[in-house]
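Asker: let me see the structure of the following:
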Amino acid sequence: MFLTSTTIVAGVAVLAPLAVGLTRARLPPIVLEILLGVLVGPQVLGWARVDQPVAVLALIGLAFLLLLAGLEIDFDRLKGRVLGVTAAGFALSFLLAVSVGVLLGAGGLVRSPLLIAVILSATSLGIILPALEDAGQASTAFGQVVIAGASLAEVIPIVLLSLLFSERSSGIWSHLALLIAFLVFVVAVGAAIFGLEHSRRLSETLLSLQDTTAEIRVRSAFLLLMLFAAVASRFGLEAILGAFLAGATLKLVDRDRMMTHTLLHTKLKAAGFGVFVPFFFVSTGMRLDIRSLVTSGSTLAHVPIFLAAILVVRAVPAVLYRSLAGGRRQLVAAGLLQATSLSIPVVAGQIGVDLGLIRPENYVALVAAGLLSVILFPLIALALLRPTSILPPSTGSPRGA
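Answerer: Next up is the predicted model:
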């Protein structure tokens, strides 16, 4: 049947969080979604395949994932001393990533040291933010600097990925010009939205429609997502950059100081994580050549190498946070949280496979390393952040901010 695979993927999307909740496993559901995707996909049971409906829903899921990542960025934290320290941390991280990429290239593990550097320098903000909130750390000085650092480590790799590794690459300078032109378009649209929201008549209309079946603000956000993704593609950039900037634009211009639509972000998360995003992660598992991981000793041996590379690149720069984050336990926890990365390895790794820059078997090892980082690093970090090591809540901006 035409929708058989879609039904099975939807079933996996329900089963994964249920299994995590019933077993009380401290495991992000997306990890189980990928693993179950491997199980039901062509590599194992063969119950489902990535046919056209699944592929379309997975593409929308990826766009929604980046939209929600953009919504997670707290621009109020990216300023002052926090911005300076975290920017220096990311610069050090990227320098380490390039060095590690060159070493991996010399060892024959990767074909593009620069691409692997972009992948290794990324952090999954959407994964560590819930972990910090669950630990009661999101509002502390420690939590603020970790979130700020993770925000930069999600924004910059996406920009670099779109600038340097678009499938329609036509030279760095022409791509840079197109990127600038696209950013100008984004700013113009953002300014237009900001201006329209100051129209009393339009604001009253939006208010009257936002909680009806029209769900006008959700529809408008989805339109912005599709518009930015489509225009980014037309500019020769990666659609994921447009999707991410759609979320960031909403976060910047839709502040709702009158608190008239406090549920907008909740509704977008419900649509994204409740419907579309699981299709992306489950289909990722279905596409993985897991047999190469099981049958090839060399591929399996690459997993700890990639995991160690992620840890070194993202954890070591946390030493720069000493003046903001607290003692040694907090610094170790910050490094581990920053080394939690899955979304960018999955997305960027697939782009690398499509461009012939990453071997499929190494892509599997890279995703496996990302899965392990999501399983292990937050657990260890949260153990270090138990009440004996929790800093008092911050009463304002971190020192020097």
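Asker: apart from its neighbours in sequence, what residue is nearest Leu32?
Answerer: Among residues not flanking Leu32 along the chain, Ala16 sits closest, at 4.1 Å (CB to CB, 6 or more residues apart in numbering). For every residue, glycine as well, the C-beta is placed using N, CA and C.
Asker: pretty sure that neighbour sits against Pro278.
Answerer: Yes: assessed by CB atoms under 8 Å, Ala16 is found in contact with Pro278 at 7.3 Å.
Asker: okay, and the common contacts of those two?
Answerer: Common contacts of Ala16 and Pro278, defined by CB atoms under 8 Å, 6 or more residues apart in numbering, comprise 30, 33.
Asker: three-state assignment of the closest residue to Ala348 other than its chain neighbours?
Answerer: Closest residue to Ala348 apart from its sequence neighbours, by CB to CB, 6+ apart: Ile119 at 4.8 Å. Here Ile119 is recorded as helix under DSSP: H, G, I helix; E, B strand; the rest coil.
Asker: ok, Ile119 - contacts?
Answerer: Under the criterion of CB under 8 Å, 6+ apart, the contact list for Ile119 reads 157, 344-345, 348-349, 352, 366.
Asker: ok, and the most crowded of the residues you listed?
Answerer: Leu366 (29 neighbours; other CB atoms under 10 Å).
Asker: so who does that residue touch?
Answerer: Applying CB under 8 Å, 6+ apart, the residues near Leu366 are 119, 302, 306, 345, 349, 358.
Asker: low-scoring stretches of this protein, by residue?
Answerer: 1, 134-135, 138-139, 166-171, 255-261, 325-326, 387-401 (pLDDT under 70).
Asker: could I get stretch 270-286 in PDB with only the CA atoms?
Answerer: Extracted C-alpha coordinates of stretch 270-286, given in PDB (Å, rounded to 0.1, in the frame of the first residue of the first chain):
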ATOM      1  CA  ALA A 270       3.800  20.400  19.000                       C
ATOM      2  CA  ALA A 271       3.600  20.500  15.200                       C
ATOM      3  CA  GLY A 272       7.300  19.900  14.700                       C
ATOM      4  CA  PHE A 273       8.200  17.300  17.400                       C
ATOM      5  CA  GLY A 274       4.700  15.800  17.400                       C
ATOM      6  CA  VAL A 275       4.400  15.200  13.600                       C
ATOM      7  CA  PHE A 276       7.200  16.100  11.300                       C
ATOM      8  CA  VAL A 277      10.600  15.900  13.100                       C
ATOM      9  CA  PRO A 278      10.300  12.200  14.000                       C
ATOM     10  CA  PHE A 279      10.000  11.400  10.300                       C
ATOM     11  CA  PHE A 280      13.400  12.900   9.800                       C
ATOM     12  CA  PHE A 281      15.100  10.900  12.500                       C
ATOM     13  CA  VAL A 282      13.300   7.600  11.800                       C
ATOM     14  CA  SER A 283      14.100   7.900   8.100                       C
ATOM     15  CA  THR A 284      17.700   8.700   9.000                       C
ATOM     16  CA  GLY A 285      17.900   5.300  10.700                       C
ATOM     17  CA  MET A 286      16.200   3.600   7.700                       C
END
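Asker: quick one: distance of it to the chain centre.
Answerer: 13 Å (CA atoms, centre = their mean, to the nearest Å).
Asker: list the buried ones in it?
Answerer: Of all the residues in stretch 270-286, those buried under the rule 16 or more other CB atoms under 10 Å are 271-273, 276-286.
Asker: and if you look at stretch 121-131?
Answerer: In stretch 121-131, counting by 16+ other CB under 10 Å, buried: 121-129, 131.
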